[in-house]
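Enquirer: sequence-free structure coming up:
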């Protein structure tokens, strides 16, 4: 199955702890990585985000998917395994202190999830590649 990886880094003018808090809000994930709507978030008793369902536009139609924990280093890294009928992969956000702010690096590793989506994968990957830099820059600028 075809696959692709995309990475973009931007700097927010706030400390990593503030960016980390934002990553615990379901709405934040609507601005990172091509997700159009987040719903049904799952939280631990302490308020830590542990997953969510999402919709994304693929081929002119909204498609549902899920995000479940993949990797997590409190305050530094959060990664979700994303699954839908069209694509699967991992979305990772790494935070590092940079001066008085935070470097935010977002990496999307995606692959087609079936034969039909493999035919459309170049268009899907192209849209992700074009949209990721602006999404990460906008996220960082929002602080």
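Expert: Looks like it arrived, so ask away. All values derive from a computational prediction rather than experimental measurement.

Enquirer: State the helix or strand in which residue 35 lies.
Expert: According to DSSP states H and E, residue 35 maps onto no helix or strand at all.

Enquirer: Now it: closest residue in space that isn't a chain neighbour?
Expert: Excluding the flanking residues, the one nearest residue 35 by CB to CB, 6 or more residues apart in numbering is residue 54, at 4.6 Å. Yep, even glycine has a C-beta here, placed from its N, CA and C like the rest.

Enquirer: For the one you found, which residues are in contact?
Expert: Residue 54 makes contact with 29-30, 35-39, 64-67, 82, according to CB atoms under 8 Å, 6 or more residues apart in numbering.

Enquirer: Now do it against residue 128, distance only.
Expert: Going from residue 54 to residue 128 by CB to CB, to the nearest Å gives 14 Å.

Enquirer: Give the pairing partners of whichever strand or helix holds the residue nearest to residue 35; include direction for each.
Expert: In the assignment (DSSP H and E), residue 54 maps to strand 49-58. When pairing is defined by DSSP bridges, strand 49-58 lines up against strand 37-43 (antiparallel), strand 61-73 (antiparallel).

Enquirer: what residues does the first one touch?
Expert: Strand 37-43 has contacts (CB under 8 Å, 6+ apart) with 26-27, 29-30, 49-55, 62.

Enquirer: Give me the buried stretch members for the worst-scoring helix or strand of the chain on mean pLDDT, please.
Expert: Using mean pLDDT, DSSP states H and E, helix 115-141 stands out as the lowest-scoring helix or strand of the chain, at a mean of 86. Of all the residues in helix 115-141, those buried under the rule 16 or more other CB atoms under 10 Å are 117, 121, 124-125, 128, 132, 135-136, 139-140.
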